[in-house]
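Chemist: With the input below, show me the fold.
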Amino acid sequence: MRKNKFALFGALLLGAISCAGCSTSSKDKIIIRVLNSADYIYEAEEEGVYCEECGKYLSEKEYNSSIDEETGEVTYTCKEHPDAEVYYDCDMMEQFVHYMDDLYKDEGLKFDYVYDTFDTPETCYNEMMTGKSNYDIVNVSDYMIQKMMTNDLLHPLFEKDNEHDADIKQSLSDNLSDYLWGEEESIYNKIYCKKADYKDGEDPYDYEKGVLADYAVPYMWGTVGVMYNPAFKGYQQFTLDELQEKFTSWEALYDASTKGSFSIKDSVRDVYAVSIIHVYHDEIEALKEKYHVGEIDEDLIGFNREMTVIFNRCDEKTLKKISADMNKLKDNAFGFEVDSGKTDMVSGEKIGANLAWSGDATWAIYEAQTENDAEIYFSVPDEGTNIFTDSWAIPKVSKNHQYALDFIDFMCQEDQAIANMDYVGYTTSTSTEGILEYIRDMYDVNESGEDFTAEDYHEYDIRYFFEGSIDEIPADPEAYCLDDAILQVWTPTTKLTYEEEIDGKMTTIPYAVYGRMITAQFPEQSQLHMLCMMDDYGKYNQSVIEMWQQVRTNPLPLWAIIVLAVQVLAVVGFIVYLIIDKKRFNKAKARRVISKQK
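Modeler: Next up, the predicted model:
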């Protein structure tokens, strides 16, 4: 994606340059240990001074630097382009170390880090369950946080009567979206710890252990949807409008017209999200009707609560229905994929659609356009889907709770949030005015400088994400107001473009288009009541795993197995016939030979 723009504090930049000459040994430093998903944090192409105008890292001969004696701020100037934006670029973890060194310089503390990655949340969980891990911060999905809460693996975020913790909590409240964290009706205040064991029909939640917001802070979030390529050879019978309409429903993945044209995630939770909605489609439609006639309390909040109950069913009766539905879905698909779906979509040759995480879709949409001039779209089906988050949490074994909170706070600050979001493709949980400015620069037609009419754009409402962060009527008339989060994005038929330099060449990029990157990064406000968080399966975990293994290891539908069996029997029968016939022939030949000898 595009080269991100963010600035480090000047004093930290000075540390970045001079740190190599420091004599402090690693044993004298406080080591912060972080365990994160792979490729899920900003990593610089190289460490050094970067010029936006030149589009490259500068050598020492190509820039000047000066230091403010009062603040220690370092300023860089490109010799070739004196007015260009120039800044010091380094990996996010390096930035954190410089930040901490500056934050605790009066105490004389120095910091370093250990940064490890895992492939799946289950790997992280198993590592922590061994009792031998010593990480200070982990980043895992919401359901895994819930599972760790159940097994008493996490330290509560904030300690009572602790001034440092109170300050961090306030900072997080200021930076994070109320939709996700902090407020009573936020998503993180609706997910409770699950009991280790419970009987069918019993309330599965342990309310005394608290909610997700007590143990975790959202880092990135997204949805499960479908990305599709209208130019795919198997979709040429559809117009763009017809294809867009088709993929507004999960039914598209079960339809004969898409058979063999799409891949699905080799992930039980993502496929389960599709099947649970498909299995209980009629019940969900009936729930909608109850809402429309006023039979559900608290309007859409109450609707979503009841929808989430359906979405999280995993009893044995439900699993039988899910298993049958998953097999139908699998039989209609091209196949399973672990992480190749997004690259397959970019190439445009193997598949025309993919059951995708929104962050992967953001990456694929951008890459397909810049590499192949191909237009990929993303849909969040109307029947509902899974909304998920990845969260920072502090393991109970951490001996650096205070500094772990500092890390979480650092990662939620505006500059770091923009850098990480731009790098990984998922949507940050930070909702400050700078984030809104970044989003408007990316997607709003008013920032394009083009002339347009009402027919050219679609109003895209994401005010829910900024409520509580952006004032409806700001005191500063120059500041953004909440209604500025109603974006005006191009309709799919609008073909306005701009030129951007990518990898040394000018590339034509479409302005933000409805149904593409903006849809992947932010669901619309009108869709929120249909988005559901998925719990840990709790006591049904093993049953779900066994069901999924059966679905995965039964690669052929029943009719295909029968046909194959008949074919195998036919081949075996033919071979047996040849063997018997050959023996008869040899015997007859032997008799002829004996007869001639006589």
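Chemist: Would you map the helices across the stretch 51-200 of the chain?
Modeler: Using DSSP state H, counting those that start in this stretch, the helices of the stretch 51-200 of the chain run over residues 92-103, 121-129, 142-150, 163-175.
Chemist: what's the closest of the ones you listed to Asp266?
Modeler: Counting by CB to CB, Asp266 lies closest to helix 121-129 out of the helices of the stretch 51-200 of the chain; the figure is 13.3 Å. C-beta here means a position set from N, CA and C on the backbone, and glycine is covered the same way.
Chemist: list the helices and strands the closest one packs on?
Modeler: Here helix 121-129 is seen to pack against strand 30-37, strand 137-141, helix 142-150 when contacts are counted using 3 or more CB pairs under 8 Å, 6 or more residues apart in numbering; DSSP states H and E.
Chemist: Let me have the ones you listed in TSV, extended by mean neighbour count, distance to Ala364 and mean pLDDT.
Modeler: Output for the helices and strands packed on helix 121-129, formatted as TSV (neighbours: other CB atoms under 10 Å; distance: least, CB to CB, whole Å; pLDDT from 0 to 100):
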stretch	mean neighbour count	distance to Ala364	mean pLDDT
strand 30-37	20	18	97
strand 137-141	26	21	97
helix 142-150	24	24	96
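Chemist: residue ranges with poor pLDDT in the stretch 401-550 of the chain?
Modeler: The stretch 401-550 of the chain contains residues with pLDDT under 70 at 448-450, 454, 494-511.
Chemist: actually the chain, sorry about that
Modeler: Looking at the chain by pLDDT under 70, you get 1-27, 448-450, 454, 494-511, 554-568, 570-598.
Chemist: Which strand or helix spans Ser391?
Modeler: strand 385-393 (DSSP states H and E).
Chemist: among the helices of the stretch 51-200 of the chain, which is nearest Tyr280?
Modeler: helix 142-150 (19.5 Å).
Chemist: Look at the residue nearest the centre of the chain and give its secondary structure.
Modeler: Using CA atoms, centre = their mean, the residue of the chain that lies closest to the mean C-alpha position is Gly359, 4.4 Å off. Following DSSP: H, G, I helix; E, B strand; the rest coil, we place Gly359 in the helix state.
Chemist: Now do the contacts for it.
Modeler: Contacts for Gly359 (CB atoms under 8 Å, 6 or more residues apart in numbering) come out as 220, 222, 424-427, 520.
Chemist: if I look at it, how far off is Met421?
Modeler: Distance from Gly359 to Met421, counting by CB to CB, to the nearest Å: 9 Å.
Chemist: which residues are common contacts for the two?
Modeler: 220, 427.
Chemist: rewinding a little: in contact with the spatially closest residue to the residue nearest to the centre of the chain that is not a sequence neighbour, which residues?
Modeler: Excluding the flanking residues, the one nearest Gly359 by CB to CB, 6 or more residues apart in numbering is Tyr426, at 3.5 Å. If a contact means CB under 8 Å, 6+ apart, then Tyr426 has 220-222, 357-359, 362, 390, 521 as its contacts.
Chemist: Could you do Asn354 as well?
Modeler: 226-228, 262-264, 337, 341-342, 344-345.
Chemist: Swap in 7 Å and give it another go.
Modeler: By CB atoms under 7 Å, 6 or more residues apart in numbering, the contact set of Asn354 is 227, 262-263, 341, 344-345.
Chemist: got the contact list for stretch 277-289?
Modeler: Contacts for stretch 277-289 (CB under 7 Å, 6+ apart): 250, 303, 306-307, 310, 321-322, 325, 383-384.
Chemist: in it, what's buried?
Modeler: The neighbour-count check on stretch 277-289 (16 or more other CB atoms under 10 Å) flags 277-280, 284, 287-288 as buried.
Chemist: Now, those that are in helices?
Modeler: The helices, defined by DSSP state H, take in 277-279, 284, 287-288 from the buried residues of stretch 277-289.
Chemist: show me where the stretch 101-250 of the chain has strands.
Modeler: Counting by DSSP state E, counting those that start in this stretch, the stretch 101-250 of the chain has strands at residues 111-118, 137-141, 216-228.
Chemist: Of those strands, which is nearest Phe158?
Modeler: strand 216-228 (10.6 Å).
Chemist: Give the other helices and strands that that closest one contacts.
Modeler: Applying 3 or more CB pairs under 7 Å, 6 or more residues apart in numbering; DSSP states H and E, one finds that strand 216-228 contacts strand 353-357, helix 358-372, strand 377-379, strand 385-393, strand 427-428.
Chemist: just the angle between it and strand 385-393, please?
Modeler: Interaxial angle of strand 216-228 relative to strand 385-393 (axes from the mean of the first three to the mean of the last three CA atoms, to 10 degrees): 150 degrees.
Chemist: can you give me how far strand 216-228 is from the chain middle?
Modeler: Relative to the centre of its chain, strand 216-228 is centred 4 Å away, using CA atoms, centre = their mean, to the nearest Å.
Chemist: now swap in stretch 426-433 and tell me
Modeler: 13 Å.
Chemist: and stretch 314-324, C-alpha only, in CSV?
Modeler: Extracted in CSV, the C-alpha atoms of stretch 314-324 (Å, rounded to 0.1, in the frame of the first residue of the first chain):
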residue,chain,number,x,y,z
CYS,A,314,-23.0,-24.3,19.0
ASP,A,315,-24.9,-27.1,20.8
GLU,A,316,-24.9,-30.6,19.4
LYS,A,317,-28.2,-30.1,17.5
THR,A,318,-26.9,-27.0,15.9
LEU,A,319,-23.5,-28.6,15.0
LYS,A,320,-25.3,-31.3,13.0
LYS,A,321,-27.1,-28.6,10.9
ILE,A,322,-23.8,-26.7,10.6
SER,A,323,-21.9,-29.8,9.4
ALA,A,324,-24.5,-30.5,6.7
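Chemist: what residues does it touch?
Modeler: Taking CB under 7 Å, 6+ apart as the rule, stretch 314-324 contacts 200, 272, 275-276, 279, 537, 540, 543-544, 547, 550-551.
Chemist: redo that, cut-off 8 Å
Modeler: 200, 272, 275-276, 279, 537-538, 540, 543-544, 547, 550-551.
Chemist: Tell me how many other residues crowd Met421.
Modeler: Residues lying near Met421 (other CB atoms under 10 Å) number 25.
Chemist: Setting aside sequence neighbours, what's the nearest residue to it?
Modeler: That would be Thr428: by CB to CB, 6+ apart, it lies 4.2 Å from Met421.
Chemist: ok, now which ones touch that neighbour?
Modeler: Neighbouring residues of Thr428 by CB under 8 Å, 6+ apart: 219-220, 417-418, 420-421, 435.
Chemist: List the beta-bridge partners for the closest residue to Tyr76 other than its chain neighbours.
Modeler: The shortest distance from Tyr76 to any non-neighbouring residue, by CB to CB, 6+ apart, is to Val86 (4.2 Å). In this entry, Val86 is beta-bridged to Cys51, by DSSP bridges.
Chemist: how about Val86, what does it touch?
Modeler: Residues counted as contacts of Val86 (CB under 8 Å, 6+ apart) are 49-52, 58, 63, 76-78.
Chemist: The same query, at a cut-off of 7 Å, please.
Modeler: 49-51, 63, 76-78.
Chemist: Using CSV, please lay out the contacts of Asn354 together with secondary structure and distance to Gly182.
Modeler: CSV is the format used below for these (DSSP: H, G, I helix; E, B strand; the rest coil; distance: CB to CB, whole Å):
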residue, secondary structure, distance to Gly182
Met227, strand, 31
Phe262, strand, 38
Ser263, strand, 37
Gly341, helix, 34
Asp344, helix, 39
Met345, helix, 36
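Chemist: Just give me the closest of the residues you listed to Glu455.
Modeler: Taking the contacts of Asn354 together and measuring to Glu455 by CB to CB, the closest member is Met227, at 25.9 Å.
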